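> next comes the sequence, and after it the predicted model I'd like to discuss.
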Amino acid sequence: MTTAVRAQPGGYPRHSINRRLNRRRRAVERALAVLVLLIALAVTVVLLGLQWLGNQGSASAAQPTGNALISEVQPS
């Protein structure tokens, strides 16, 4: 037995309309997922950059330079 797909009043079979809506929904979900991942990446880069910039000032103050060691030596 074979069954024929009947044409809907709108001109398209119902399964093709559902397929098109599902395809559009998946495209929107993918776009939102990419947007969320890009925002997370941007936040991570900004936070790491701020942390790196904040540590530069304290690291340079904590590490003595060669000139500082020479100037601390007292002549006897």
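Arrived safely.
> okay, residue 41: pLDDT?
Turning to residue 41, the model gives it a pLDDT of 98.
> for residue 34, see how far away it is.
Separation of residue 41 from residue 34 (Cβ to Cβ, to the nearest Å): 10 Å. Using the backbone N, CA and C atoms, a C-beta is placed for each residue, glycine as well.
> what does residue 21 give?
In terms of Cβ to Cβ, residue 21 sits 21 Å off from residue 34.
> by contact count, what packs against the one helix or strand residue 32 maps to?
Using DSSP states H and E, residue 32 sits within helix 14-62. Identification of packing neighbours for helix 14-62 by 3 or more Cβ pairs under 8 Å, 6 or more residues apart in numbering; DSSP states H and E yields no helix or strand.
> count the neighbours of residue 13 for me.
Per other Cβ atoms under 10 Å, the neighbour tally for residue 13 reads 13.
> ok, it to residue 38 distance?
Noted for residue 13: a distance of 38 Å to residue 38, by Cβ to Cβ.
> cool, and residue 45?
Taking Cβ to Cβ, one finds residue 45 at 11 Å from residue 38.
> now swap in residue 53 and tell me
Distance, residue 53 to residue 38, using Cβ to Cβ: 22 Å.
> could you do residue 24 as well?
Applying Cβ to Cβ to residue 24 and residue 38 gives a distance of 21 Å.
> pLDDT score for residue 59?
For residue 59, the model assigns a pLDDT of 54.
> avg pLDDT for stretch 25-37?
On average, stretch 25-37 scores 97.
> what are the buried residues along it?
Residues of stretch 25-37 include none that count as buried (16 or more other Cβ atoms under 10 Å).
> for it, list the C-alpha coordinates in CSV.
Extracted C-alpha coordinates of stretch 25-37, given in CSV (Å, rounded to 0.1, in the frame of the first residue of the first chain):
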residue,chain,number,x,y,z
ARG,A,25,15.0,27.2,15.4
ARG,A,26,18.2,25.3,15.3
ALA,A,27,19.9,28.2,13.5
VAL,A,28,18.7,30.6,16.1
GLU,A,29,19.9,28.3,18.9
ARG,A,30,23.3,27.9,17.2
ALA,A,31,23.6,31.7,16.9
LEU,A,32,22.7,32.2,20.5
ALA,A,33,25.2,29.6,21.6
VAL,A,34,28.0,31.2,19.6
LEU,A,35,27.1,34.6,21.0
VAL,A,36,27.2,33.3,24.6
LEU,A,37,30.6,31.6,24.0
